[in-house]
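**Q** what shape does this take:
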Amino acid sequence: MNVAHFLLRSVAKEYHRVVRIISGHLRGRRLVVPRGTQTRPTSDRVREALFSMLGPLDSLRVADLYAGTGAVGIEALSRGAAHAVFVESAPAALTKLRQNLALLQLSEVTTLVPRTLETSVPTLLAQQPFDLVWADPPYHQVREGQAPRALARLLGSGLLGIPGRLVLEHATVDAAPVLSSLLLAETRSFGDTALSFYVNHAVVLPTTMNNPIPSMPPPTDADAVPPSSGATTQYVVLAAGLVLAMGGLLLWKFMAGSSPPSSSTPALAISAMAASPKRTLEDAPPPPPTDEEAPAAVADSGKKKVGSTAPSTCGGPCSGTAPSGLQSDVQGRAGRARGCYERAMRQNGDLQGSMTVSLRIDPSGVVCSASVADDSVGSPEVSSCIVGMFRGQKLSAAPTGGCVDMRVPMRFQAKR
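**A** Now for the predicted structure:
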């Protein structure tokens, strides 16, 4: 029994050590992995799912934190990334990582930082901001908060570019940690492993933003959500009650001998109310853009921006911060904004692309400014609809320390 158990463990370790590059110009190349269980390379299945969700990586700068064997960073280079920085401190993993970079001849496009994440801050900040950061710390460090605290310090110093993405691997049983400077987009589970995707929504001072955000007008009737079927039913019941009351009044007047008053006008109004068709949010078209909301070419950048302007209560510089509750609310609204895209897809099945929604939120939590920039979707209908979903809305949480500017990258792709 002991011999069989020993053989099974040996085979499992050998199988675990086989790590290959999945795609790109290094496809099929094997990586050297240290023996034992101290290093836990990300499985081929999880890496394949990860890069399928990330999309093209051409010319991106990548940071592989807690790199281990460097499997994720090397995979990114194989798929077109321009440069990768690896941070690793464990001696066994560091030796194998150096061997992998040498065997694959990647020294010219890589930087190796042989330190812990906490002590590598000066070296990392000396690099240009990264487009993609991958972090795979020991699971217990995520659970105990050590890794999130180290990541928050780095990200707060400008490690991640704008827009930029961070992917954190952690145990499925652990919730995705809150990183105050980033917006949690989604979490995907693969057995015992979970991947949490964060985006840099760029809470920055207006003086550092490339595209200033115009103030927005107060919401109009066109921005109001159409009544639901439940509200319509209440109107019908109210109308029926008014008809019965008026009928009783006319009958009493007639029995009393007086001539019945003219009732054409109220009856007509009641009939119109009762006959009004039911509308739902799904069937309601987005509000038509006004002259102020129509897309206009930005002279200095050649990019289109959709928005509108009006006096607001949060003009001037903003120096507030967005708490996690505010980030979650904005994230939820951004997810619901996909409905704008799906309605437009009914008319144009090839519609896809990305855009950045720029928001300014006043100290009370009201979105007093919203605009769409860097729009590659090219649909005024989608842009105007998304702007209408944010502007003038009262969010569930308010910024701390004053008004705040947020930039929310959004990507739309048809579901196949």
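**Q** run a quick neighbour tally on Gly353.
**A** A count of nearby residues for Gly353, using other C-beta atoms under 10 Å, gives 16. C-betas here are computed from N, CA, C, even on glycine.
**Q** what do you get for Leu94?
**A** By other C-beta under 10 Å, 20 other residues sit near Leu94.
**Q** what sits against it?
**A** Neighbour list for Leu94: Glu88, Pro114 [criterion: C-beta atoms under 8 Å, 6 or more residues apart in numbering].
**Q** quick one: classify it as helix, strand or coil.
**A** Here Leu94 is helix, with the state taken from DSSP: H, G, I helix; E, B strand; the rest coil.
**Q** give me the pLDDT for it.
**A** Note on Leu94: pLDDT of 93.
**Q** quick one: it from Glu88, how far?
**A** Relative to Glu88, Leu94 is positioned 5 Å away (C-beta to C-beta, to the nearest Å).
**Q** likewise for Glu169?
**A** When Glu169 is compared with Glu88 (using C-beta to C-beta), they lie 15 Å apart.
**Q** which one of those two has more residues nearby?
**A** Neighbours were counted for Glu169 and for Glu88 using other C-beta under 10 Å; Glu88 has more, 27 against 21.
**Q** please name the nearest non-neighbouring residue to that one.
**A** In space, Glu88 comes closest to Ala67 once its chain neighbours are excluded; the distance is 4.3 Å by C-beta to C-beta, 6 or more residues apart in numbering.
**Q** dump the residue contacts of that neighbour.
**A** Each residue near Ala67 by C-beta under 8 Å, 6+ apart is listed here: Gly73, Phe86, Val87, Glu88, Ala93, Leu97, Asp136.
**Q** element containing it?
**A** In the assignment (DSSP states H and E), Ala67 maps to no helix and no strand.
**Q** just the pLDDT at it, thanks.
**A** Among the per-residue scores, Ala67 shows a pLDDT of 92.
**Q** going forward, begin numbering at 724 instead of 1
**A** New numbering, starting at 724: the last item is Ala790.
**Q** got any residues that touch both of Leu817 and Glu811?
**A** Common neighbours of Leu817 and Glu811, using C-beta under 8 Å, 6+ apart, are Pro837.
**Q** show me what Met1078 bridges to in the sheet.
**A** Counting by DSSP bridges, Met1078 is bridged to Met1133.
**Q** wait, isn't it in contact with Asp1097?
**A** Yes - counting by C-beta atoms under 8 Å, Asp1097 is a contact partner of Met1078 at 6.1 Å.
**Q** more crowded one of those two?
**A** Shown here are Met1078 and Asp1097; by other C-beta under 10 Å, Met1078 has more neighbours (26 against 20).
**Q** any idea how far that one lies from Ala1067?
**A** Counting by C-beta to C-beta, the gap from Met1078 to Ala1067 is 13 Å.
**Q** try Thr792
**A** For Thr792, the distance to Ala1067 - C-beta to C-beta - is 44 Å.
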